[in-house]
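>>> mind looking at a prediction? Sequence and model below.
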Amino acid sequence: MRDMVKVPAREPVSPGHVEDAIRELSFDKRTAFLKETQKYPCLRRLPELSKLADSIVASWNLEPFALSSRQWHRIPCERQIGLAFFDPKSKALSSELTVVECRNLSIEGISFFHDVPILSREVAITFDLEQEEREFLVVRLAWSRFSEAHVFQSGGRFLYQIDAEASLSETG
C-alpha cells in the first residue's frame, strides 16, 4: 500500500512529529495487511510479507502515481515454491508438484522462474514444501517471458486459497 506523509514546505519538522507519523502509518499498514490477506491467510505466515507490512517503503518511480495499478510494493523473494497445474473447471490440482523459484512477491500476486513453459492460464502455488498438509494459492497468470538466462519467468495475481486435501486430483 502506498503511504505518503505530506509536510508543508519550509516548515520545520520535529523528530517527534516524524516518529508519530511513522507509528501511525505502521499501524494503518498492519491493519490493511490483515484485511487484505483475509482471503489468503497462508500469506500471513511468510516473513517477507510481514516485514513489508511492518515497514515504511520508499519508492522512486518514473510512472505517475495516478497511473499505477499496484497498491502494495513487490519485494524480492528468493525461495523455492511448489507449483501444481490447476483445472479451473473441476477445481482440481494435478498430483504432481513442480519446484520453481520465487522471484517477487506482494500481497496481490507473485512472479517466479521455471524451466518449462506453462500452458495453463491458472496454476496453484504453495509455500509449504516441507509440510505434509499444504495450502495452495490459485494464480491467474498475466504474463510469461523467456529470459536471457534461458529460463521462463511468469507472474500473476492471486485469485483464492485452497487446501490440497479438498482439491488434489489423482489423475495428474
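Thanks, I have it. Numbers count the residues shown, from 1 in each chain.
>>> what comes up buried for stretch 78-86?
Within stretch 78-86, the residues that count as buried by 16 or more other C-beta atoms under 10 Å are 81, 82, 83, 84, 85, 86. Using the backbone N, CA and C atoms, a C-beta is placed for each residue, glycine as well.
>>> now residue 41, nearest residue through space, not along the chain?
residue 161 (6.8 Å; C-beta to C-beta, 6 or more residues apart in numbering).
>>> show me what the helix or strand hosting that neighbour pairs with in its sheet, parallel or antiparallel.
Per DSSP states H and E: residue 161 is located in strand 152-163. Using DSSP bridges, the strands paired with strand 152-163 in its sheet are strand 109-114 (antiparallel), strand 135-146 (antiparallel).
>>> check contacts around residue 118.
For residue 118, the contact set (C-beta atoms under 8 Å, 6 or more residues apart in numbering) comprises 85, 141, 144, 152, 154.
>>> the buried residues of stretch 78-86 in strands, which ones?
Here DSSP state E is the test, and the buried residues of stretch 78-86 give 81, 82, 83, 84, 85, 86 as lying in strands.
>>> you'd agree residue 29 is in a helix?
Yes - assessed with DSSP: H, G, I helix; E, B strand; the rest coil, residue 29 lies in a helix.
>>> what is the burial count for it?
Neighbour count for residue 29, taken as other C-beta atoms under 10 Å: 19.
>>> low-confidence ranges in the chain?
For the chain, the stretches with pLDDT under 70 are 1-27, 52-73, 164-172.
>>> can I see the domain layout of it?
Using automatic domain parsing, the domains assigned to the chain come out as 15-63, 75-167.
>>> deepest of the ones you listed, which one?
domain 75-167 (a mean of 16; mean count of other C-beta atoms under 10 Å).
>>> for residue 44, helix, strand, or coil?
Residue 44, by the three-state scheme (three-state DSSP), is helix.
>>> ok, it to residue 35 distance?
Going from residue 44 to residue 35 by C-beta to C-beta, to the nearest Å gives 11 Å.
>>> bridge partners for the residue nearest to residue 41, pull those for me.
Beta-bridge partners of residue 161, as defined by DSSP bridges: residue 137.
>>> over to residue 85?
With DSSP bridges as the rule, residue 85 is bridged to residue 123.
>>> need phi/psi at residue 47.
phi -60, psi -30 (degrees, to the nearest 10).
>>> about what we covered before: nearest to residue 107, of the buried residues of stretch 78-86?
residue 81 (15.8 Å; C-beta to C-beta).
>>> is the closest one in a bridge, and if so with what?
Here residue 81, judged by DSSP bridges, has bridge partners residue 100.
>>> could you measure from it over to residue 88?
20 Å.
>>> quick check: end-to-end length of stretch 101-115?
10 Å (C-alpha to C-alpha, to the nearest Å).
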